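J.: Fold the following.
(one chain, ligands or ions: 1)
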Amino acid sequence: MHDVRALVEREEIHAYFKALWRTPEFQESHVPGGYVFGWIERLADYPRFVGDLSDPRIERAHFSPWWNVLGTRSYDNAAIHDLFYLHEVAHMAMLVYEDSMPWSAWAAKMADNEMLASLESETLVYLAMPSLRPKSFDATIWADRFLAEESYGGGMRDAAIRAAHRSFMLMERYRARRVPDDALEQRIAAFQHENEAWAEIWRENYAVVERGMYTFRGIASRDRRAAATWFLDWYGRLSEPNGVPFRTEAEQFAEVYWRSRA
Ligand SMILES: [Zn+2]
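T.: This next block holds a predicted model:
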């Protein structure tokens with residue numbers, strides 16, 4: 001990652017994302033009371049960092065939002081562009097950190113975070129902005145099976161159904177690996193396996209990130225600017241000498257990531 005820059009104040013964070021959105025849906029929803037505004041407001045509880053990938057082969061799947069750095073990406077499709085950023089925002093806004101957490105508890109926390117970020121950017125976002133769906137993916141996505149209104153009503157507009165769906169999706173992701181001839185479920189199962197491999201790769205070093213982020217948030221609750229300075233120093237040391245923090249983990253996970261996309 002290079003050109004890592006700090007977005008310190010709440011207004012700076014809003015301004016960055018306001019300028020980033022490319023669909024009218026996201027742009028129009030980034031006003032007080034809007035769905036997108038709500039996410040950015042939550043994101044803005046802490047300073048955030050944005051950077052550009054130095055080595056996309058290993059950094060694309062390196063999950064830098066975990067240590068509070070959003071890696072920029074470009075997409076031809078404006079809706080997919082906005083959805084990618086929503087996904088990363090949801091991750092960052094929902095992450096919590098602990099300075100002492102056993103690996104298994106940490107892995108479960110991270111799996112939940114991925115699940116909730118995916119649920120938001122792959123399903124719930126289409127409830128907030130239904131006109132986005134025809135603009136995003138051509139293939140059937142998870143949401144299509146649940147968003148459709150049936151003759152009896154249904155759909156996802158009901159809060160109770162949303163809650164049921166939330167737990168159903170959690171269950172289904174695990175179950176998915178046993179459904180052999182369903183392309184969608186297989187895709188979901190592949191993601192699940194990747195997430196498990198990712199957690200395994202981080203077994204040695206996950207606590208370095210957790211402790212760093214825990215410290216950062218402690219400082220930020222008193223002084224946002226001091227926290228940003230602390231972070232850039234911490235991050236700079238980890239990124240030496242080639243701009244990729246935790247390069248070993250990045251290399252190992254890149255192998256998993258690109259293997260399933262070959
Ligand atoms: Zn994710």
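J.: So V256 sits against W198, correct?
T.: Yes: counting by C-beta atoms under 8 Å, V256 touches W198, with 7.3 Å between them. Quick note: C-beta positions are derived from backbone N, CA and C, even for glycine.
J.: of these two, who's got more company?
T.: Per other C-beta atoms under 10 Å, whichever of V256 and W198 has more neighbours is W198, with 21 against 18.
J.: Report pLDDT for the residue lying closest to the more buried one once chain neighbours are set aside.
T.: What sits nearest to W198 in space, not counting adjacent residues and going by C-beta to C-beta, 6 or more residues apart in numbering, is F253, at 5.4 Å. Predicted confidence (pLDDT) for F253: 92.
J.: With R177 instead?
T.: If you check R177, the pLDDT there is 61.
J.: what do you get for the one 5 residues further on?
T.: Reading off the confidence values, D182 has pLDDT 77.
J.: Can you name the secondary structure element that comes next after the helix or strand hosting L232?
T.: Assigning secondary structure by DSSP states H and E places L232 in helix 224-239. Sequence order places helix 247-259 as the next helix or strand after helix 224-239, per DSSP H and E.
J.: Need phi/psi at A143.
T.: In terms of degrees, to the nearest 10, the main-chain angles of A143 are phi -60, psi -30.
J.: oh, I was asking about A6
T.: A6 adopts backbone torsions of phi -90, psi 140, taken as degrees, to the nearest 10.
J.: Please name the nearest non-neighbouring residue to it.
T.: Per C-beta to C-beta, 6+ apart, closest to A6 is A228, 4.3 Å.
J.: Over to V96?
T.: In this structure, V96 finds its nearest non-sequential neighbour in K109, 7.4 Å apart by C-beta to C-beta, 6+ apart.
J.: Distance check, that neighbour against the ion.
T.: Distance of K109 to the ion, computed by C-beta to the ion, to the nearest Å: 14 Å.
J.: What is the neighbour count of that residue?
T.: By the criterion of other C-beta under 10 Å, K109 has 18 neighbours.
J.: Let me know the pLDDT of it.
T.: Confidence score, pLDDT, at K109: 93.
J.: same question, the one 4 residues further on
T.: Taken from the predicted model, the pLDDT recorded for N113 is 92.
J.: Need the residues that contact the host helix or strand of it.
T.: Per DSSP H and E: N113 is located in helix 103-119. Identification of contacts with helix 103-119 by C-beta atoms under 8 Å, 6 or more residues apart in numbering yields 66, 87-88, 90-91, 94-96, 98, 101, 166, 169-170, 173, 191, 195-196, 198-199, 203, 206-207, 210.
J.: same check, this time on stretch 83-99
T.: Residues from elsewhere that reach stretch 83-99, judged by C-beta under 8 Å, 6+ apart: 17, 20-21, 26, 36, 39-40, 42-43, 45, 48, 65-66, 68, 70, 73, 75, 106, 109, 113-114, 116-118, 120-122, 125, 132, 136, 210-211, 213-215, 217.
J.: Mark which of the residues you listed are part of helices, please.
T.: 17, 20, 26, 36, 39-40, 42-43, 106, 109, 113-114, 116-118, 125, 210-211, 213-215, 217 (DSSP state H).
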